[in-house]
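Colleague: Structure for this input, please:
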Amino acid sequence: MDMNDILDICKENKTRYQNFIVFDPNSVRVLDSDIYLIGDDVRKQFDSLYSRLTANQSIDHQILDNRLGKIGQMLELVSNYDQVIITKYFDRVWKRYAYISNLGESFLNFPTFAEYFPKEAANVDKVIADRVDEGAIIFDTDDSDTGDTDTKSGDTDTKSGDTDTKPNNTEDTTDNPEKTLENA
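Modeller: Okay, the predicted model is just below:
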């Protein structure tokens, strides 16, 4: 898939591919393979984008200006950029999108990124995350055979069909605390 394919997909829904800015402590939960920029490079890219954005005053750019203003205020509060990251772009239809979107703030959609950073956007392999997390462990969800062979011994009252699920060798000590201490 190249940049033009992604831009074609984004014609119908401009925000289909989205990246995020994630601050410490959540940044440690982002996989290394999903990181586009980290540390001081985040601030450099943000400043570069923000300085170019102020020249354009269309409504879309004013909305972006407001969002970036909020992110800029958050960046001003950060004393060390070592754990501040910008993620790669995630497609909204991927399951991984929900996870990553809860960790950070929405930063840029892909068409806006391609508009302001065309050279970087052309290298799709570096800016688009993998659809599937290769490091994820897939658990067997077959519950039909749990491997549990333990059975409870109990008395069955044949008249009513009720089953007493308490083991045969213990007494009910809830009414007598002295017996509870003796059994301990």
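Colleague: Without its sequence neighbours, what residue ends up closest to residue 23?
Modeller: Spatial nearest neighbour of residue 23, chain neighbours left out: residue 84 (5.6 Å); criterion: C-beta to C-beta, 6 or more residues apart in numbering. Where C-beta positions appear, they are placed from N, C-alpha and C, glycine not excepted.
Colleague: Count the residues that sit near the one you found.
Modeller: Per other C-beta atoms under 10 Å, the neighbour tally for residue 84 reads 23.
Colleague: Next one: it, what pLDDT does it get?
Modeller: Predicted confidence (pLDDT) for residue 84: 94.
Colleague: any idea how far it is from residue 113?
Modeller: 18 Å (C-beta to C-beta, to the nearest Å).
Colleague: Verify the stated contact: the residue nearest to residue 23 with residue 26.
Modeller: No - counting by C-beta atoms under 8 Å, residue 84 does not reach residue 26; the two are 10.3 Å apart.
Colleague: if we can go back for a sec, so how far is residue 129 from the residue nearest to residue 23?
Modeller: Taking C-beta to C-beta, one finds residue 84 at 18 Å from residue 129.
Colleague: Likewise for residue 33?
Modeller: Distance from residue 33 to residue 129, by C-beta to C-beta: 7 Å.
Colleague: Looking at those two, which one has more neighbours?
Modeller: Neighbour count, other C-beta under 10 Å: between residue 33 and residue 129, residue 129 has more, with 23 against 11.
Colleague: which one is the more buried one nearest to, not counting chain neighbours?
Modeller: Nearest in space to residue 129, with sequence neighbours left out and distances taken as C-beta to C-beta, 6+ apart, is residue 88 at 4.0 Å.
Colleague: Name the helix or strand for residue 44, please.
Modeller: helix 40-53 (DSSP states H and E).
Colleague: Also residue 20?
Modeller: Per DSSP H and E: strand 17-22 holds residue 20.
Colleague: what lines up beside that strand in the sheet?
Modeller: Strand 17-22 has the following sheet partners, assigned by DSSP bridges: strand 85-87 (antiparallel), strand 90-91 (antiparallel), strand 105-109 (antiparallel).
Colleague: list the buried ones in stretch 37-47?
Modeller: 37, 38, 42, 45, 46 (16 or more other C-beta atoms under 10 Å).
Colleague: For it, what does the pLDDT average out to?
Modeller: Across stretch 37-47, the average pLDDT comes to 93.
Colleague: swap in stretch 115-135?
Modeller: In this model, stretch 115-135 has a mean pLDDT of 82.
Colleague: returning to what we had before: same list, the buried residues of stretch 37-47, but as CSV with distance to residue 120 please.
Modeller: Formatted as CSV, those follow (distance: C-beta to C-beta, whole Å):
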residue, distance to residue 120
37, 10
38, 15
42, 14
45, 9
46, 14
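Colleague: Going by distance to residue 68, which of these wins?
Modeller: residue 46 (7.3 Å; C-beta to C-beta).
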